[in-house]
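Engineer: just coords:
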């Protein structure tokens with residue numbers, strides 16, 4: 001899914017108040033670093049979306065799935081610590097082995113945005 005479509009879907013979910021959209025402080029900073037090389041309007045749009053998200057810290061003592069790389073532990077810990085039902089990510093390299101396997105991720109459903117939106121359609 002393109003960044004543009006991801007932003008549009010995120011805004012739709014926020015507007016409908018179907019879900020509480022949450023991000024971790026680590027994830028927020030990583031996203032902002034990643035868009036700095038894009039046109040200014042992309043960063044502006046991301047900042048606008050981030051203003052509407054709940055930002056949470058990651059509890060570093062929470063257990064992570066075996067095999068999750070250290071750099072992605074804060075991402076998972078923020079979701080687990082917040083009690084998230086889903087962790088949406090495009091990082092297939094590091095989270096791919098955990099996709100749609102909540103039995104291995106303390107009940108958290110790790111999915112891509114596209115897979116999550118597809119699951120909503122039934």
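Structural biologist: Looks like it came in fine. Computed from a prediction, not measured in an experiment: that's the story for all the values here.
Engineer: Give me the neighbour count for residue 70.
Structural biologist: A count of nearby residues for residue 70, using other CB atoms under 10 Å, gives 7. C-beta coordinates here come from the backbone N, C-alpha and C atoms, glycine included.
Engineer: the helices in this protein, which residues?
Structural biologist: In the chain, helices defined by DSSP state H lie at 3-16, 25-35, 40-51, 73-82, 92-95, 113-120, listed in chain order.
Engineer: Residue 82 reaches residue 22, doesn't it?
Structural biologist: Yes - assessed by CB atoms under 8 Å, residue 82 is found in contact with residue 22 at 5.3 Å.
Engineer: intersection of neighbour lists for these two?
Structural biologist: 54, 56 (CB atoms under 8 Å, 6 or more residues apart in numbering).
Engineer: Spatially nearest residue to residue 35, not counting backbone neighbours?
Structural biologist: Closest residue to residue 35 apart from its sequence neighbours, by CB to CB, 6 or more residues apart in numbering: residue 43 at 4.6 Å.
Engineer: quick one: pLDDT of the residue nearest to the spatial centre of the chain?
Structural biologist: The residue lying closest to the centre of the chain (CA atoms, centre = their mean) is residue 88, at 4.1 Å. Looking at residue 88, its pLDDT stands at 94.
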